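Undergrad: Quick one: sequence and predicted model below, then my questions.
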Amino acid sequence: MQLDIGGVPSTKASAFSEAGFKVTVGNLLDEIGSLYQADSTPWVVGYSGGKDSTATLQLVWMALSRLEPTLRLKPVYVISTDTLVENPIVAAWVARSLDKMGEAAAKSGLPLTSNRLTPDPAESFWTTLIGRGYPAPRPKFRWCTDRLKINPSNRFISRVVKASGEAIVVLGTRKAESQARAKAMERFEGQRVREKLSPNGKLPNSYVYSPIENWTNDDVWTFLMQVRNPWGFDNKDLLTMYQGASADGECPLVIDASTPSCGDSRFGCWVCTMVERDKSMTAMIQNDSEKEWMLPLLELRNELDIRNADTGKRDDRHLRDFRKMSGALQIHNDRLVHGPYLQSSRERWLRKVLEAQRHIQKNGPAEVSDIQLISLDELREIRRLWVVEKHEIEDNLPRIYEEVLGTAFPDRRIDDSLAFGRDEMDILRQICGEDELHYQLARELLDIERQHRTMARRAGLFKALQQSLQRGSYDSSEQAMETALRRRGILDDLSEEDDQVEEEDALPLLSIAASGAGSAKR
């Protein structure tokens, strides 16, 4: 029985047990070299900075280095997806590694380029959560993976396919990661059109090659400890980083929903609420006092993952609107299914993120002195969403930014045509008193009229006003609940009446059919 890096017993057979380490690695390098030379299809290598992707990239690098320069004809794109909410330690490691490998590849004459991918500012984590008000991700609403990981990677791969007709995606996925991963890989193996190349179910004309698919966790570490990193990063430092946080694994490059996202003690997004707690960041802080500057991140992540003290289940209904994003009401188990975060909640999250950013810049080491937990592009998109789409014409983002960071927001007024501002909205709020829903409705109606004022035909004005009035037609969540239950009761009654009518209409037909059957017998 073997032990992996975390001391957990491993019963899987080593990929090196039959032919030995040197011969097995040599055969694999020959395989990689042959596949590379077999066609003109460019390669895209997924690199996350973790052990599996590092081992995979090292093998590709070594195989290319063994080829004559005249045979290195097609490009190899190394892509790394930065979700912009990665663990800062890992994100810094990956960024430095990408810079080093780009320099080393150029110096060695390898056709390899490094590419850091990020989500579109309109799809980023904070834009979606703070701007649109999506609640923190959860198992039944995991909106983050597509936006932060799959989309940036697939956009890049799609561009390669568009330019070259095909693409081969090289990944560090292994069957030993989990039973689900093994089943998924074996399913695609049966669909292979070429040896070692599995079809990519989500991207036409692209194929997946997994050179270390049969390696165990121990095999990966054995390789990394015995083979020098070719772009100049010491793999022992990578091992130290794992030992300081977890021995569980990394957050892999994700190109489809079947690939496991971050979870358990894996390295990944510091905001991840898909698990009960972030074991890796907790371990980093506990194991090294010099990493205590990350504590505000851990605290913010735990605040996002709001749970009921008695049941332990997530419970953030008090922070969310009782209406869905469209204003509709939805009932499940005789309870309203709450929608996006309230304005007060979203403004609170923004303030928390900026406060954590200020703390880290002030108290963290030199390498994070200019860290941006939320970028200016994201802030601009959040501001647009608040003012234009959510009609929050107080335009509070610049004020919050200045109060927390002590400097003015760099952009001017978002829209010079705004007839009302914070002062006018303060007056409106006083008029509405404690009736927050009334205030929101009046504010929205005023802004809808303003947005249509300059239009020649004012197309869509009455529809927008009607939708706003319907959304704001409730005095409270309790009244909305009563309305939704009453509507459901009416619909149930109508459905029962329709069923009864259909049964009554069918009786003559059944009688005729029975009569016909009797005639046939006679």
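TA: Ah, there it is. Numbers count the residues shown, from 1 in each chain.

Undergrad: ok, which stretches of the stretch 201-350 of the chain are helices?
TA: Secondary structure of the stretch 201-350 of the chain (DSSP state H, counting those that start in this stretch): helices located at 217-226, 235-245, 279-287, 295-304, 343-363.

Undergrad: want to try a markdown table for those helices, with distance to residue 488 and mean neighbour count as columns?
TA: To be clear about C-beta, it is placed using only N, CA and C from the backbone, and glycine gets the same treatment. What follows is the helices of the stretch 201-350 of the chain, written out as a markdown table (distance: least, Cβ to Cβ, whole Å; neighbours: other Cβ atoms under 10 Å):
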| stretch | distance to residue 488 | mean neighbour count |
| --- | --- | --- |
| helix 217-226 | 52 | 19 |
| helix 235-245 | 49 | 17 |
| helix 279-287 | 43 | 19 |
| helix 295-304 | 32 | 17 |
| helix 343-363 | 28 | 18 |
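
Undergrad: Select, out of the ones you listed, the one closest to residue 134.
TA: Closest of those to residue 134 is helix 343-363, at 10.1 Å (criterion: Cβ to Cβ).

Undergrad: what helices or strands is whichever helix or strand comes after the closest one leaning on?
TA: As assigned by DSSP states H and E, the chain's next helix or strand after helix 343-363 is helix 376-384. For helix 376-384, the elements it packs on are helix 397-405, judged by 3 or more Cβ pairs under 8 Å, 6 or more residues apart in numbering; DSSP states H and E.

Undergrad: Any buried residues in the helix it packs on, and which?
TA: Using 16 or more other Cβ atoms under 10 Å as the test for burial, helix 397-405 gives 397-398, 400-401, 404.

Undergrad: quick one: low-confidence parts of the stretch 101-250 of the chain?
TA: Along the stretch 101-250 of the chain, the model assigns pLDDT under 70 to residues 176-193, 244-250.

Undergrad: let's see 80
TA: Applying pLDDT under 80 to the stretch 101-250 of the chain flags residues 175-195, 201-202, 242-250.

Undergrad: For it, which segments are assigned as strands?
TA: 112-117, 167-170, 198-199, 206-209 (DSSP state E, counting those that start in this stretch).

Undergrad: Run the chain-centre distance for the longest one.
TA: Centroid separation between strand 112-117 and its chain, computed with Cα atoms, centre = their mean, to the nearest Å, is 20 Å.

Undergrad: Who are the packing partners of it?
TA: When contacts are defined as 3+ Cβ pairs under 8 Å, 6+ apart, strand 112-117 sits against strand 76-81, helix 88-108, helix 151-164.

Undergrad: make it 6 Å
TA: Here strand 112-117 touches strand 76-81, helix 88-108, going by 3 or more Cβ pairs under 6 Å, 6 or more residues apart in numbering; DSSP states H and E.

Undergrad: can you list contacts of the shortest one?
TA: When you say that, I think you mean strand 76-81. With contact meaning Cβ atoms under 6 Å, 6 or more residues apart in numbering, strand 76-81 is reached by 43-45, 47, 94, 98, 111-117, 149, 152-153, 156.

Undergrad: Which strands border that strand, and is each parallel or antiparallel?
TA: Strand 76-81 has the following strand partners under DSSP bridges: strand 43-46 (parallel), strand 112-117 (parallel).

Undergrad: Pick the most buried one from the ones you listed.
TA: Of all the strands paired with strand 76-81, strand 43-46 carries the top mean neighbour count, a mean of 24, counting by mean count of other Cβ atoms under 10 Å.

Undergrad: Can you give me the distance of residue 315 to residue 434?
TA: To residue 434, residue 315 is 25 Å away according to Cβ to Cβ, to the nearest Å.

Undergrad: who's more crowded, the two?
TA: More neighbours surround residue 315 than the other of residue 315 and residue 434, with 13 against 7 (other Cβ atoms under 10 Å).

Undergrad: my read: that one touches residue 309, true?
TA: No - taking Cβ atoms under 6 Å as the definition, residue 315 is not a contact partner of residue 309, at 9.0 Å.

Undergrad: related to what we said a few turns ago, would a markdown table of the strands paired with strand 76-81 with distance to residue 104 be doable?
TA: As requested, the strands paired with strand 76-81 are exported to a markdown table (distance: least, Cβ to Cβ, whole Å):
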| stretch | distance to residue 104 |
| --- | --- |
| strand 43-46 | 15 |
| strand 112-117 | 9 |
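
Undergrad: Buried residues in whichever strand or helix holds residue 54, which are they?
TA: Secondary structure from DSSP H and E places residue 54 in helix 51-65. Within helix 51-65, the residues that qualify as buried are 51-64, counting by 16+ other Cβ under 10 Å.

Undergrad: Three-state assignment for the closest residue to residue 343 other than its chain neighbours, please.
TA: Distance criterion Cβ to Cβ, 6 or more residues apart in numbering; nearest residue to residue 343, sequence neighbours excluded, is residue 392 at 5.9 Å. Here residue 392 is coil, with the state taken from DSSP: H, G, I helix; E, B strand; the rest coil.

Undergrad: what number of residues lie near residue 392?
TA: Other residues near residue 392 come to 21 when the count uses other Cβ under 10 Å.

Undergrad: And it, how far from residue 409?
TA: For residue 392 relative to residue 409 (Cβ to Cβ), the value is 15 Å.

Undergrad: again, but for residue 432
TA: Look at residue 432 and residue 409: by Cβ to Cβ, they are 27 Å apart.

Undergrad: Residue 224 now?
TA: Here residue 224 is placed at a distance of 45 Å from residue 409 (Cβ to Cβ).

Undergrad: and if you look at residue 338?
TA: As defined by Cβ to Cβ, residue 338 lies at a distance of 30 Å from residue 409.

Undergrad: what mean pLDDT does the helix holding residue 54 have?
TA: Mean per-residue pLDDT for helix 51-65: 96.

Undergrad: Residue 109: what's it in contact with?
TA: Contact partners of residue 109, counting by Cβ under 6 Å, 6+ apart, are residue 69.

Undergrad: typo on my end, residue 205
TA: Applying Cβ under 6 Å, 6+ apart, the residues near residue 205 are 161, 166.

Undergrad: Against residue 156, how distant is it?
TA: Distance of residue 205 to residue 156, given as Cβ to Cβ: 14 Å.

Undergrad: can you count the residues close to residue 163?
TA: Counted with other Cβ under 10 Å, residues neighbouring residue 163 total 9.

Undergrad: now do the one 4 residues further on
TA: The local packing count at residue 167 equals 23, with neighbours defined by other Cβ under 10 Å.

Undergrad: Now do the contacts for it.
TA: So residue 167 contacts 42, 44, 157, 160-161, 206 (Cβ under 6 Å, 6+ apart).

Undergrad: May I have the beta-bridge partners of it?
TA: Going by DSSP bridges, residue 167 is paired in beta bridges with residue 206.

Undergrad: With adjacent residues omitted, what lies nearest to residue 233?
TA: Sequence neighbours aside, residue 97 is the residue nearest to residue 233 in space, at 5.5 Å (criterion: Cβ to Cβ, 6+ apart).

Undergrad: packing partners for the host helix or strand of residue 24?
TA: Assigning secondary structure by DSSP H and E places residue 24 in helix 21-37. When contacts are defined as 3+ Cβ pairs under 6 Å, 6+ apart, helix 21-37 sits against helix 51-65.

Undergrad: which residues touch the helix it packs on?
TA: Applying Cβ under 6 Å, 6+ apart, the external contacts of helix 51-65 come out as 29, 32-33, 45-47, 72, 110, 172, 211-212, 220, 223-224, 230.

Undergrad: can you rerun that using 7 Å?
TA: The list of residues contacting helix 51-65 from outside it, by Cβ atoms under 7 Å, 6 or more residues apart in numbering, reads 28-29, 32-33, 36, 45-47, 72, 76, 78, 108, 110, 170-172, 174, 211-212, 220-221, 223-224, 227, 229-230, 238, 242, 250, 252-253.

Undergrad: Would you mind writing the ChimeraX command to select the buried ones in those?
TA: Entered in ChimeraX, the line below selects the buried ones among the contacts of helix 51-65, by 16+ other Cβ under 10 Å:
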select :28,29,32,33,36,45,46,47,72,76,78,110,170,171,172,174,211,212,220,221,223,224,229,230,238,242,250,252,253
